[in-house]
Structures are given as structure tokens and as C-alpha cells.
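S.K.: Need the 3D shape of this:
(one chain, ligands or ions: 2)
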Amino acid sequence: MTETLDGLRLSRLADDDLELLLLVRHFELKLLELYGRGELGGTTHTCLGQEYVPVALRPLLGPADHVFSNHRGHGHYLARFRDPHGLLAEIMGRRGAVCGGVGGSQHIHRDRYLSTGVQGESMPVAAGVALHLKRAEPGALACVHIGDGTWGEGAVYEALNLAALWRLPLLVVVENNGIAQSTPTASQMAGTVAGRAAAFGIPHLQVVSTDVNEIRLTLEEEVARVREAGPLVVEFVTHRLGPHSKGDDVRPADAVRAARDSDWYGRYAHHHPEQFHRIDGAVRAEVQAVADEVAARPLSRWEAPCA
Ligand SMILES: Cc1ncc(C[n+]2csc(CCOP(=O)(O)OP(=O)(O)O)c2C)c(N)n1
Ligand SMILES: [Mg+2]
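M.R.: Ligands and ions are numbered 1, 2, ... in the order given. Just a heads-up that it's a prediction; the model follows:
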């Protein structure tokens, strides 16, 4: 799959999709701002630049499907639940937190959604859940998000092996942003993600586009096939716009510039200015209101296991 002819044009989205994209963008920017002011503790990894991945996948996944997220998971959570209050409360340790404030940014459990900060941990867990789904709830799938650097974890291959052997309904979404913390992918990965999937006989699809409509069209049938036929690796070629977590961006200036040039945000504003500015302003105000309201809440208390 390649970009459309002018290389950068983005098709017009439904208002609802654009709202979600912008919700994730402004939520993440707000987190970095709150950190900068010392109002958040712990750590956080923003998905700035990668927001379109879970937004594109959203209508392709149903309530019976499980989503396994990683350390860069705020967009995955917001695309699933549209719950910025619960997530920010979790990160800030305030009342109304999704997991009582003990999970923080990286460890969230809600219904059929689970995230982990331990790289690679989710792959065998997702494969196990996919096995259960195949037996008990045929038609449902397990979707697991991992980064390019996580292909350095052995657990990934144990899970791929069994997923292929047992034809498990496992959708592996690789967000290949070309870097793992401070190590460029080219410096640590021999071969390719495609080659590694092929070694297990698992189909692989590479997505270069950042156009949500186009991505959905490409993936719709492929994801449907996972439900019946077995695993699929979808590799998004994407960019990390921000630092790895907070102030730890050690990339050379040209790498940061290349990431910014690929960003959907400015391009969408350029191509669809009226819709963009109308919704962008509203979502900025919404996120500010969420931050004000959540920051004013009392501290969270651990009372019962999270949902
Ligand atoms: C098992 C394990 N080792 C190391 C870390 C520390 N760590 C957190 S994120 C990260 C890099 C992950 O890179 P990638 O998979 O490409 O995801 P990205 O951060 O680029 O989204 C590392 C080394 C960890 N969380 N878990
Ligand atoms: Mg990476």
C-alpha cells in the first residue's frame, strides 16, 4: 500500500473520526505540558504521530475482540473507550481512575483491554486469549500492538509459532516508528518484519499510508480473514513525533524533521481547513476542561480490582 499520488494528500474524514484523532493528539500534548509543570509523576510515553493507527482500526474491531496494548498505549485506550477522564485520572492518580490509579500510564485493564509496559509480554498472552476465543467464541480475535524494537524479544517468536501452528485469530499490529527508545531499528534488526512473519508462514501487510479511510479499506477484508483463517502481521510504517517518554529525545535534528514532515496533523489542516479548525478548537477546549476537572479531584484510592 502506498500513499496517494501527491504523496501526502489525506482524504476527508467523518467528523467523528477526526474528533477522535484530535482527542488523542491533544490528550498527549496535554500530558507533556502537565509533566513539564511537574503536575504528573511516574512516566509516560506519548503516541504523537501514531494516533491514526488505532483510529483506523477502531471500526474493524468489535466488542468481543480483545486489545492488548503496550507502553505507548493512550491512543489505543482512547480509540476503544473515548474516556479521557478515566485515563487522565489513572495517570494522575485521581478519583475515577480506570484502575484505581495503581496502573498509571502503562498498566491498564478494562473489559477486554489490557496494556503492559513489559515489552513482548503481551504476545504470548494474546496468543493464549486467541486460542480461547477460537474454541469458545469463534469469530472474535485478539489484537496486539507491538513496536519494532519489541521484535528483539524471544516471547514474540514463541507466540508467532503457536499462532501459526494453531491458526489462532491473532492480529499483530506493528507500529514500526523506526526507533526503540534511542536505538534506530536499522542498528538492531537483522532482516525485516515481513521476513520474520514469512518464516512462520504468517501473512504480512505493510501500511505506509496515514490516511484513515484508505487504511480501513485496505485492512477490512484482511482483518475479517484473521477471524476465520488465522494470524496476520500488519506493519505500520510510522513516526514517533515526540521523545521516547518525556525529555529523552536524542535523535539528530534531521530525523526529528523527517518525522514532523510525515505528520498527518498539518497536512490534514492544509487539505480540509474549515472542518479541521472547527473540530481542532473544540477538542482543544474539551481536553483543557478534562485536565482542569480531573486535576481538581481528590487522590484515587485502591478500593476494588479494576473492571
Ligand atoms: C522487557 C523490557 N525491556 C526493556 C524495556 C524498556 N523499554 C521500554 S520501551 C522500550 C523501547 C521499545 O521500542 P519499540 O518496541 O520500538 O516501541 P516504541 O517505544 O518505539 O513505540 C524499551 C527498551 C521494557 N519496557 N521491557
Ligand atoms: Mg519503535
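S.K.: Can you give me the pLDDT of the one residue in the stretch 101-250 of the chain that gets nearest to ligand 1?
M.R.: Minimum separation of the stretch 101-250 of the chain from ligand 1 (C-beta to the nearest ligand atom) falls at residue 147, amounting to 2.3 Å. Bear in mind the C-beta positions are built from the backbone N, C-alpha and C, glycine included. pLDDT for residue 147: 98.
S.K.: May I see the buried residues of the helix or strand hosting residue 288?
M.R.: Here residue 288, judged by DSSP states H and E, is contained in helix 273-295. For helix 273-295, the neighbour count (16 or more other C-beta atoms under 10 Å) marks 275-276, 279-280, 283-284, 286-287, 290-291, 294 as buried.
S.K.: Among those residues, which ones lie close to ligand 1?
M.R.: Among the buried residues of helix 273-295, not one lies near ligand 1 by C-beta under 6 Å from any ligand atom.
S.K.: Now that we have the residues you listed, can you turn them into TSV and tack on pLDDT?
M.R.: Formatted as TSV, the buried residues of helix 273-295 follow (pLDDT from 0 to 100):
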residue	pLDDT
275	98
276	98
279	98
280	98
283	98
284	98
286	98
287	98
290	98
291	98
294	98
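S.K.: Centre of the chain to the helix holding residue 288, how far?
M.R.: Offset of helix 273-295 from its chain centre (C-alpha atoms, centre = their mean, to the nearest Å): 21 Å.
S.K.: got it, and stretch 190-200?
M.R.: Stretch 190-200 has its average C-alpha position 22 Å from the chain's average C-alpha position, going by C-alpha atoms, centre = their mean.
S.K.: is it fair to say residue 23 lies in a strand?
M.R.: No. Counting by DSSP: H, G, I helix; E, B strand; the rest coil, one finds residue 23 to be helix, located in no strand.
S.K.: okay, now it: neighbour count?
M.R.: 23 (other C-beta atoms under 10 Å).
S.K.: I'd like the next helix or strand past the lowest-mean-pLDDT helix or strand in the chain.
M.R.: Each helix and strand of the chain was given a mean pLDDT (mean pLDDT, DSSP states H and E); the minimum falls on helix 253-261 at a mean of 90. Tracing the chain past helix 253-261, the next element assigned as helix or strand by DSSP H and E is helix 264-271.
S.K.: how about the CA coordinates for that next one, as CSV?
M.R.: Extracted in CSV, the C-alpha atoms of helix 264-271 (Å, rounded to 0.1, in the frame of the first residue of the first chain):
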residue,chain,number,x,y,z
TRP,A,264,-0.9,13.9,9.4
TYR,A,265,-1.9,16.9,11.6
GLY,A,266,-0.6,19.8,9.5
ARG,A,267,-1.4,18.0,6.2
TYR,A,268,-5.0,17.4,7.3
ALA,A,269,-5.3,21.1,8.3
HIS,A,270,-4.0,22.2,4.9
HIS,A,271,-6.3,20.0,2.9
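S.K.: Would you mind listing the buried residues in it?
M.R.: Result for helix 264-271 [16+ other C-beta under 10 Å]: buried residues 264-265, 267-268.
S.K.: Likewise for stretch 177-189?
M.R.: Neighbour-count burial for stretch 177-189, counted by 16+ other C-beta under 10 Å, picks out 177-180, 185, 189.
S.K.: Then stretch 51-63?
M.R.: 51-58, 60-61.
S.K.: Looking at those residues, spot the one nearest ligand 2.
M.R.: When the buried residues of stretch 51-63 are compared for distance to ligand 2 (C-beta to the ion), residue 53 wins out at 12.3 Å.
S.K.: Could you verify my assumption that the closest one touches residue 75?
M.R.: Yes. Residue 53 lies in contact with residue 75 (C-beta atoms under 8 Å); the separation is 7.1 Å.
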